[in-house]
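Visitor: starting from these lines, generate the structure:
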Amino acid sequence: MKLAVLVATFSVSVPIVSADTRAYSAPVSQARGQRAPAPTTAPPEKVAEAYAQFLLGHRLDETDDAAGAIAAYKRAMEFDPLAADIPAELAGLYLRQNKAQEAMATAEQALKVAPANREANRVLGLVYAALADEGRENGARSRASVRADANLTKAIQHLELAIDRAVGESDSNVRATLARLYLRTSAFDKAISVLTDLVNQEPGWQDGPLLLAEAYAGAGRNADAIAWLEQHAPDNPRLLASLADFYEREHRWPEAAGAYQRALQRTPRNTQLKTRYASALMTAGGAANLGKARDVLNEVVSARATDARALYLLSQAERRLGDLTAAEATARRVIAQNAGSPWGYYALAEVLEESRRYQAVVDELAPVVADHRAKADQAFNVGILLPHLGFAYQKTGQYDKAIATFEEARKLSPKDPALTVYLIGAQIAGKKYGAAVDTARAALVDNPHDVRLTRLQAQALQRAGKADQGLALLEGVVRQRADDPMAYVALAQGYADAERGAQSVKVLQDAQARFPSNNAIAFELATVFEKQKKFAEAEAAIRRVLARDPQNAPALNYLGYMLAERGERLDESVIVVTQALQIEPENGSYLDSLGWAYFKAQKLDLAEEHLRRAAGQLQGNSVIQDHYGDVLFKLGRYDDAIGAWTRALAGDGDSIDRGDIDKKIKAAKQKLNKK
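Guide: Down below sits the predicted model:
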């Protein structure tokens, strides 16, 4: 065994006081808490001769005469066999000579005389640490690894004894080694205690702060880690990446992005840091952050064209910024580089869904899933693609395939309740109401407090003509979960589905009195009032949301669209929807709202600009295509209007009057015939 290599694993770049500074004498030994040679058990002349040989050993060791030093120490041991310092010093010399067995034997001899001898415990601790590390390299839980665990325990025991006195420079390597062993055994609080002192004593030790951060992370003391790193990072920029990582653990994304940005000032070409910076920016959200992330990722991709993760994130950023053409092209680059990974297909599916090209999702994903489904290779995770494929089948009216796809996804991830929700939704869409009720009922056995499942079960019962049974379930949820605001929202939605608007309003008003600051309740109340054409009450409810959260983009859009739809206060409609778009600049629904407000205000050029962008994004959204057709007709672009209305009829069909659209298409054709 090459002990030097193993011990070096634990070494640190801190000053080490040589063993040569230690002296063999009663005062020094006692100062170190060790047993001094007992003159009562050896004649004074023997003790004197032992001391002389001890000093000779030191001098020979200083001149690199290891053989002479070893011989001198052995003679000293013969003269005074009860002086623990002598074999301890010899053990230290053997350790420096990489003679592990001899080091262990002489250290153990010293401990028989003085069990607390620090040098002997230091030597044994370092040797056992090296042996434990050697066992860890063997990997599997073999006999060697079991022995490694035993050696690890012994190493900690001996090193704890080695530092069981006043701290000095000579303790630095020992304490660093012990701290690493504490980390390996998940004794994180002990590691923190050792490392905190050591890092303060040894500011030049580069690994120390990072080890301390690791210890804080293992102990789950993220707040303490952040406080320590915030204090020390200004003087040690190497800590900024660790600080950013801890911010991420606490979901403090803007702070994480800021820390990564500062770290990049130190190493501006570090592509890994750039990627993490971009990821933090994207999670922080907002148009400005998304734009920065896109620019940073473009830099990474320019430097490393095959960086799959950077390309994947770039596609996500482009999609969220509304540049669907670029996002699709980037996703296809990911696929071209590594068709054996699902992430390129995942990014592509999200882009296609954003543009409502659901048949394209089927065309892209179905062959890939079929190809990899039959393969034993688990590297390709079919499970992350199945929900996208299932939704695409559902949106294209292929309900049986959607149901089968979600069932397959559930088998792969049986503990994911979201997949059960998707399955029930597909069963309801496919009018398999009995199956939906049964699926929800079975899922509620394992997830009895999941309000979504009860809401879907009630919805299936309502569609099956058993609305009262469904409402009874939701009423029971409110009684059982009176402290859950979403239980009231679910019951109100059930009443609304059953066209019992007054009861829906009462439930929400009662809930609002109980949860006065809950925005979900106020938002739902606004939608119920609007369905009842109680527009003043609907506006008051949505304004309560905005009073508590002025940057609530969905609420801003809802208010603006409601005003535009009624043709009232159109200037205000434009203002509030514009505010929503400042938060989410490329949101297709918000672009539609703004375009519709301009249309109602007869500002047709502005209306066309925004509705064109919305229709380009959401090609399968029937209402948006209908709106776009209206403005095109007003502009005299009858062919284009017919195309938009035709897409409206082929789209999702939500909230449109098909007969009215047919009439508009006929009117446009008549206009064409007169040209």
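Visitor: which residues in the stretch 301-450 of the chain form helices?
Guide: Per DSSP state H, counting those that start in this stretch, the stretch 301-450 of the chain has helices spanning 308-320, 324-337, 343-354, 358-373, 386-395, 399-412, 417-429, 433-446. These are given in chain order.
Visitor: I'd like those laid out as TSV, including mean neighbour count and mean pLDDT.
Guide: Heads up, the C-betas are built off the backbone N, CA and C, glycines and all. Compiled in TSV, the helices of the stretch 301-450 of the chain are given as follows (neighbours: other C-beta atoms under 10 Å; pLDDT from 0 to 100):
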stretch	mean neighbour count	mean pLDDT
helix 308-320	24	95
helix 324-337	20	94
helix 343-354	23	93
helix 358-373	17	92
helix 386-395	24	94
helix 399-412	19	94
helix 417-429	22	94
helix 433-446	18	94
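Visitor: out of those helices, which gets nearest to D133?
Guide: Distance to D133, taken as C-beta to C-beta, is lowest for helix 308-320 among the helices of the stretch 301-450 of the chain, at 31.8 Å.
Visitor: in TSV, list the helices of the stretch 301-450 of the chain along with distance to Q619.
Guide: Putting the helices of the stretch 301-450 of the chain into TSV (distance: least, C-beta to C-beta, whole Å) gives the following:
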stretch	distance to Q619
helix 308-320	15
helix 324-337	10
helix 343-354	10
helix 358-373	10
helix 386-395	12
helix 399-412	20
helix 417-429	20
helix 433-446	29
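Visitor: compare the ones you listed and give me the one nearest A233.
Guide: Closest approach to A233 among those is made by helix 308-320 (25.2 Å; C-beta to C-beta).
Visitor: between the helices of the stretch 301-450 of the chain, which gets nearest to G643?
Guide: Checking the helices of the stretch 301-450 of the chain against G643 by C-beta to C-beta gives helix 358-373 as the closest, at 17.7 Å.
Visitor: so that closest one versus helix 386-395, what angle?
Guide: Here helix 358-373 runs at 140 degrees with respect to helix 386-395, directions being taken by axes from the mean of the first three to the mean of the last three C-alpha atoms, to 10 degrees.
Visitor: which helices and strands sit right next to helix 358-373?
Guide: helix 343-354, helix 386-395 (3 or more C-beta pairs under 8 Å, 6 or more residues apart in numbering; DSSP states H and E).
Visitor: so how far is the shortest one from its chain's centroid?
Guide: Put plainly, it is helix 386-395. For helix 386-395, the distance from its own C-alpha centre to the chain's C-alpha centre is 25 Å (C-alpha atoms, centre = their mean, to the nearest Å).
Visitor: which elements pack onto that helix?
Guide: Here helix 386-395 touches helix 343-354, helix 358-373, helix 399-412, helix 417-429, going by 3+ C-beta pairs under 8 Å, 6+ apart.
Visitor: following the chain onward from the least confident helix or strand in the chain by mean pLDDT, which element is next?
Guide: One helix or strand of the chain scores below all others by mean pLDDT, DSSP states H and E: helix 26-31, with a mean of 34. Proceeding C-terminally, helix 26-31 gives way to helix 44-62 as the next helix or strand, assigned by DSSP states H and E.
Visitor: buried ones in that following helix?
Guide: For helix 44-62, burial by neighbour count (16 or more other C-beta atoms under 10 Å) applies to K46, V47, E49, A50, Y51, Q53, F54, L56, G57, H58, L60, D61.
Visitor: how about those in a markdown table, adding pLDDT and distance to L290?
Guide: Below are those laid out as a markdown table (pLDDT from 0 to 100; distance: C-beta to C-beta, whole Å):
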| residue | pLDDT | distance to L290 |
| --- | --- | --- |
| K46 | 86 | 82 |
| V47 | 86 | 79 |
| E49 | 88 | 81 |
| A50 | 84 | 77 |
| Y51 | 87 | 76 |
| Q53 | 89 | 76 |
| F54 | 88 | 72 |
| L56 | 91 | 74 |
| G57 | 86 | 70 |
| H58 | 86 | 67 |
| L60 | 91 | 70 |
| D61 | 86 | 65 |
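Visitor: let me know the closest of those to A278.
Guide: Distance ranking of the buried residues of helix 44-62 against A278, using C-beta to C-beta, places D61 first at 56.0 Å.
Visitor: check what pLDDT the nearest residue to the closest one once chain neighbours are set aside gets.
Guide: Nearest non-adjacent residue to D61, counting by C-beta to C-beta, 6 or more residues apart in numbering: A69, 4.0 Å away. According to the per-residue confidence, A69 scores 90 in pLDDT.
Visitor: one more: the one 3 residues further on?
Guide: At A72, the predicted lDDT confidence score is 91.
Visitor: what sits against it?
Guide: Contact partners of A72, counting by C-beta atoms under 8 Å, 6 or more residues apart in numbering, are Q53, F54, L56, G57, L60.
Visitor: name the element it belongs to?
Guide: Using DSSP H and E, the secondary-structure element containing A72 is helix 66-79.
Visitor: what's the first helix or strand after that helix?
Guide: Next element after helix 66-79 (DSSP H and E): helix 85-96.
Visitor: can you pull the buried residues of the helix holding A72?
Guide: Residues A69, I70, A72, Y73, R75, A76, M77, F79 are the ones in helix 66-79 that count as buried (16+ other C-beta under 10 Å).
Visitor: quick one, that helix and helix 44-62 angle?
Guide: With the same axes, to 10 degrees applied, the angle from helix 66-79 to helix 44-62 works out at 160 degrees.
Visitor: restrict helix 66-79 to CA atoms and write it as PDB.
Guide: Only the C-alpha atoms of helix 66-79 are listed here, as PDB (Å, rounded to 0.1, in the frame of the first residue of the first chain):
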ATOM      1  CA  ALA A  66      15.500   8.100   8.100                       C
ATOM      2  CA  ALA A  67      17.300   4.800   8.700                       C
ATOM      3  CA  GLY A  68      19.500   6.400  11.400                       C
ATOM      4  CA  ALA A  69      16.600   8.200  13.000                       C
ATOM      5  CA  ILE A  70      14.600   4.900  13.200                       C
ATOM      6  CA  ALA A  71      17.500   3.100  14.800                       C
ATOM      7  CA  ALA A  72      17.900   5.900  17.400                       C
ATOM      8  CA  TYR A  73      14.200   5.900  18.300                       C
ATOM      9  CA  LYS A  74      14.300   2.100  18.700                       C
ATOM     10  CA  ARG A  75      17.300   2.400  21.000                       C
ATOM     11  CA  ALA A  76      15.400   5.000  23.000                       C
ATOM     12  CA  MET A  77      12.500   2.700  23.300                       C
ATOM     13  CA  GLU A  78      14.700   0.000  24.700                       C
ATOM     14  CA  PHE A  79      16.100   2.300  27.300                       C
END
